[in-house]
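Peer 1: Sequence first, predicted coordinates after that:
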Amino acid sequence: MPRMSSQTSPASILAAGLHALELDDTVPAATRQRLLDYLALLDQWNQHTNLTAVRERGAMVTRHLLDSLVLLPHVRGTRLADLGSGAGLPGIPLALVRPDLHVTLVDSNGKKARFLQAAIDTLKLNADVAHLRVEALRGSFDTITARALASLSDMLRWGGHLLTRDNIWLAQKGRYPDAELAALPAGYAAATLPLHVPGLDAARHVVIIRRSDTGSRHAP
């Protein structure tokens, strides 16, 4: 994806990013506008509630929308739990692009939970908010996501009860998490794949975690 200038519109950055991710046919014009509407709502709330440190709209497209949608090929099933959702990432962009996907946005922070509910109501999302700690979440999910939430061992300590032999956990990381993979608790298997976010000059990886009967193990 060519490097965008500071004058490039958010819509153009989004279009170029979706093309690079081969999502042109998956994300029609109406959905692209809803993705931008989500950023507008996020920017509005960010004036009085600290939801994100990224404030320039073009950077928000790259660091929030595209950095979330890069997970789309790895999402399975029709029920997703987004743990420590914060500003709704990656859960809300995934819910917008996959309207058949029911997304539970999980966050224990009251201000963030209020924003998440406002986003659901405003954007008419197939989603709900679980205003509670990850440890208290119950339910059956096909895919679990977590973006920069904590170390792998902490995430599994808090939310490992949600992972079964029939679902997967997608943990988004920056650099390849060697130390975290080495400390993966027994009973889990992990595969780590690089993610290429259009326009983002930084390392990104997804750790795909499953239940395992053979103790902890990981593969590059």
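Peer 2: Good, I have the coordinates.

Peer 1: how much distance is there from the helix ranked longest in the chain to the middle of the chain?
Peer 2: For the chain, the longest helix by residue count, based on DSSP state H, is helix 29-46. When C-alpha coordinates are averaged (C-alpha atoms, centre = their mean, to the nearest Å), helix 29-46 and its chain have centres 16 Å apart.

Peer 1: If you count neighbours, what's buried in that helix?
Peer 2: T31, R32, R34, L35, L36, Y38, L39, L41, L42, D43, W45, N46 (16 or more other C-beta atoms under 10 Å). Where C-beta positions appear, they are placed from N, C-alpha and C, glycine not excepted.

Peer 1: now stretch 78-91
Peer 2: Across stretch 78-91, burial judged by 16+ other C-beta under 10 Å covers 79-91.

Peer 1: Over to stretch 192-203?
Peer 2: Residues T192, L195, V197, P198, G199, L200 are the ones in stretch 192-203 that count as buried (16+ other C-beta under 10 Å).

Peer 1: Taking those residues together, which two end up most distant?
Peer 2: T192 and G199 (22.4 Å; C-beta to C-beta).

Peer 1: what sits against the residue nearest the centre of the chain?
Peer 2: What sits nearest the mean C-alpha location of the chain, by C-alpha atoms, centre = their mean, is P90, with 2.1 Å. Counting by C-beta atoms under 8 Å, 6 or more residues apart in numbering, P90 makes contact with D67, S68, L69, L71, D82, T145, R147, Q172.

Peer 1: ok, 10 Å please
Peer 2: Shown in contact with P90 (C-beta atoms under 10 Å, 6 or more residues apart in numbering): 64-65, 67-72, 75, 80, 82, 103, 145-147, 170, 172.

Peer 1: State the distance from the closest residue to it other than its chain neighbours to A95.
Peer 2: Excluding its sequence neighbours, the residue lying closest to P90 (C-beta to C-beta, 6 or more residues apart in numbering) is S68, at 3.3 Å. Remark: distance between S68 and A95 (C-beta to C-beta, to the nearest Å) = 10 Å.
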